[in-house]
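Asker: attaching a predicted model along with its sequence, questions to come.
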Amino acid sequence: MTAISKTFALGGEHDVNRLGYGAMRLTGQPGNFGPFPDWEGGKAVLRRAADLGMTFFDSAWAYGPEYADRIVGEALAGRDVVIATKGGVDKPASGRIVVDGSRDTLLRQIDRALVNLRRERIDLFQLHRVDPNVPIEDSVAALAEAQADGRIAHIGLSNVARDQLDRALGVAPIASVQNRFNMAETDHADLVDFTAERGIAFIPYGPLGANPMQPGAKLAAREALAWLLRRSPNIIVIPGTTSIAHLEENWSAWDLL
Ligand SMILES: NC(=O)c1ccc[n+]([C@@H]2O[C@H](COP(=O)([O-])OP(=O)(O)OC[C@H]3O[C@@H](n4cnc5c(N)ncnc54)[C@H](OP(=O)(O)O)[C@@H]3O)[C@@H](O)[C@H]2O)c1
């Protein structure tokens with residue numbers, strides 16, 4: 001049996017453990033808005049994740065909005081971990097999702113994320129969704145501007161198709177693609193393989209098959225994570241949990257490999 005690498009070099013330089021953590025669930029119940037009701041409990045989950053050996057944490061402006069970035073920043077201040085966040089999607093209290101990939105919005109969200117995450121540079125900043133009113137080239141150019149002045153280290157994309165990735169690659173190096181993918185939902189299999197060939201990380205969201213608007217995993221957690229980790233060496237999994245027991249169970253997926 002071929003040995004499976006536990007790490008992936010994000011952007012060709014940051015070695016991260018391929019079993020990471022997704023912070024979306026630390027924003028109250030799905031569909032709700034505001035800070036996670038058990039703020040200290042949420043911080044304890046994040047710190048336990050880092051103590052176990054997780055080094056990749058995924059957040060987004062839209063989670064809260066801003067509260068996931070804040071709790072991640074507070075819990076992981078001073079830790080040697082890679083933090084990814086996203087911009088270009090907002091979730092104002094009205095509950096309506098607003099997609100805005102304009103330069104001004106992205107740069108404003110990057111500046112706020114630096115404060116919320118308590119970092120001088122954002123390791124990975126992902127375009128959360130492509131704005132149908134802004135060419136992907138323009139959104140990526142704005143992120144490249146922030147990369148050139150040192151505010152972000154790497155650029156990622158989320159919820160993209162292959163042609164959109166190709167267009168983005170024409171503007172700037174892309175370090176990651178984050179799309180929904182798990183052992184029961186394999187629509188993006190070709191993109192997993194293409195990104196692997198190009199040294200781009202593939203970050204499957206919903207790795208346990210959960211519905212974003214409802215709590216609860218749909219797949220057996222360890223098996224689903226092990227399947228993804230085996231599927232391709234560029235996959236970094238980010239299961240989300242509010243429970244230390246679930247976190248530890250998820251981490252133990254490594255024992256199956
Ligand atoms: N880019 C995008 O558009 C996008 C969209 C959705 C999600 N994401 C990212 O992907 C991450 C993961 O996605 P997700 O949270 O929707 O789905 P998920 O990781 O597939 O599942 C999370 C759900 O499974 C439960 N769970 C976790 N570990 C478990 C275990 N060992 N046993 C039983 N249940 C378990 C969690 O509940 P408990 O809290 O009770 O453990 C939670 O309700 C998010 O945190 C976010 O960072 C990105």
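Answerer: Thanks, I have the structure now. Numbering: from 1, shown residues only.
Asker: is the residue most central in space within the chain bridged to anything, and to what?
Answerer: Per Cα atoms, centre = their mean, the C-alpha nearest to the average position across the chain is that of residue 58, at 3.4 Å. Taking DSSP bridges as the rule, residue 58 bridges to residue 22, residue 84.
Asker: which residues sit in contact with the residue in the chain positioned nearest to the ligand?
Answerer: At 2.4 Å from the ligand, residue 22 is the closest residue in the chain, using Cβ to the nearest ligand atom. Where C-beta positions appear, they are placed from N, C-alpha and C, glycine not excepted. Counting by Cβ atoms under 8 Å, 6 or more residues apart in numbering, residue 22 touches 57, 58, 205, 238, 239, 240.
Asker: and which of these is nearest residue 163?
Answerer: Checking the contacts of residue 22 against residue 163 with Cβ to Cβ, the nearest one is residue 205 at 20.3 Å.
Asker: distance of the closest one from residue 41?
Answerer: Counting by Cβ to Cβ, to the nearest Å, the gap from residue 205 to residue 41 is 23 Å.
Asker: do residue 15 as well
Answerer: Residue 15 is 30 Å from residue 41, by Cβ to Cβ.
Asker: now residue 93
Answerer: 24 Å.
Asker: the two: which has the busier surroundings?
Answerer: Neighbour count, other Cβ atoms under 10 Å: between residue 93 and residue 41, residue 41 has more, with 13 against 8.
Asker: the more buried one and residue 47, how far apart?
Answerer: For residue 41, the distance to residue 47 equals 11 Å [Cβ to Cβ].
Asker: next one: residue 217
Answerer: Residue 217 is 22 Å from residue 47, by Cβ to Cβ.
Asker: tell me which of those two has more neighbours.
Answerer: Each of residue 217 and residue 47 has its neighbours counted (other Cβ under 10 Å); residue 217 has more, 18 against 14.
Asker: what about the more buried one, which SS state?
Answerer: coil (DSSP: H, G, I helix; E, B strand; the rest coil).
Asker: quick one: contacts for it?
Answerer: 208, 209, 210, 224.
Asker: repeat that for 10 Å
Answerer: 182, 206, 207, 208, 209, 210, 224, 239, 240, 241, 246, 250 (Cβ atoms under 10 Å, 6 or more residues apart in numbering).
Asker: how many residues are close by residue 13?
Answerer: Using other Cβ under 10 Å, the number of residues around residue 13 comes to 9.
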